[in-house]
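**Q** Here's a sequence, model it:
(chains A and B)
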Amino acid sequence: ETGVTQTPRHLVMGMTNKKSLKCEQHLGHNAMYWYKQSAKKPLELMFVYSLEERVENNSVPSRFSPECPNSSHLFLHLHTLQPEDSALYLCASSQAIGQGYEQYFGPGTRLTVT
Amino acid sequence: SQQGEEDPQALSIQEGENATMNCSYKTSINNLQWYRQNSGRGLVHLILIRSNEREKHSGRLRVTLDTSKKSSSLLITASRAADTASYFCATARGSGSRLTFGEGTQLTVNP
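**A** Alright, predicted model coming up:
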């Protein structure tokens, strides 16, 4: 176990649904990340939080809305998704941002949008 | 091209053989990291090599870094079926928060 948990592990939702992905880290880290992993494509960084403040937002559509209530928890709220949003969504944490700290990943949420 | 490109895209070997995967990148880096991912799971950090290091070992893993050629290699010695996974390199530039991942090498170790 990496010390990063994600729930749910699998999610199927329709395009009009609203759902949330949850991530929790038990490592005392200050930085948390959301990534999207689609087949045949490199990992795409979506959001970066440092000490609960969003520090990076990589042109992600507004139908993805992150929330970081404290340094241990990170959410990704989903609304009106498209079929092309089906992917594995990975959460990660690191000691801090900057200097390329190693990242610890959760097991991911496999999202299918129908 | 992507920062951090792995080569080959897929590699199939027999148990006991060594596996070598390569990573090339385009810009200067602070460090380079290798990760492993089992099918449908999260990534697991394997090893980090800094830009002023040339070689690093961890168990059966050996990583080299050649900053003049902007390339790195990951060697897994005496491979096992359990080593079957995708392996990714990720580069960290300067003091930024971003790690840039390549598309990975799919390694299959046949028993």
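
**Q** residues touching the one residue sitting closest to the centre of chain A, list them.
**A** The centroid of chain A falls nearest to A:W34 when counting by CA atoms, centre = their mean (2.8 Å). Neighbouring residues of A:W34 by CB atoms under 8 Å, 6 or more residues apart in numbering or on different chains: A:23, A:45-47, A:66, A:74, A:76, A:89-91. All C-beta spots, glycine's among them, are computed from the backbone N, C-alpha and C.

**Q** tell me which element it is part of?
**A** Secondary structure assignment for A:W34, by DSSP states H and E: strand A:31-37.

**Q** Direction included, what does that strand pair up with?
**A** Note on strand A:31-37: by DSSP bridges, its sheet partners are strand A:44-50 (antiparallel), strand A:87-94 (antiparallel).

**Q** quick one: the helix or strand following the first one near chain B?
**A** Going back to what we said before, that points to strand A:44-50. Later in the chain than strand A:44-50, the nearest helix or strand by DSSP H and E is strand A:53-57. Yes - judged by CB under 8 Å from any CB of the partner chain, strand A:53-57 comes into contact with chain B through A:55-56.

**Q** Show me what strand A:53-57 packs onto, helices and strands only.
**A** Contact partners of strand A:53-57 among helices and strands, from 3 or more CB pairs under 8 Å, 6 or more residues apart in numbering or on different chains; DSSP states H and E: strand A:44-50, strand A:64-70.

**Q** for the last one, the distance to its chain's centre please.
**A** Here the centre of strand A:64-70 is set off from its chain's centre by 9 Å, with CA atoms, centre = their mean, to the nearest Å.

**Q** Find the closest residue to chain A in chain B.
**A** Relative to chain A, the nearest point of chain B is B:A92 (2.3 Å; CB to the nearest CB).

**Q** Let me know how buried that residue is, in neighbour terms.
**A** By other CB atoms under 10 Å in any protein chain shown, 24 other residues sit near B:A92.

**Q** picking that back up, out of the strands paired with strand A:31-37, deepest packed?
**A** strand A:87-94 (a mean of 24; mean count of other CB atoms under 10 Å in any protein chain shown).

**Q** ok and that one relative to strand A:64-70, angle-wise?
**A** Between strand A:87-94 and strand A:64-70, the angle comes out at 30 degrees (axes from the mean of the first three to the mean of the last three CA atoms, to 10 degrees).

**Q** quick one: contacts of strand A:87-94?
**A** Here strand A:87-94 has contacts from A:3-4, A:6, A:21, A:23, A:25, A:27, A:29-38, A:43, A:74, A:76, A:101-106, A:108-111, B:40, B:42-43, using CB under 8 Å, 6+ apart.
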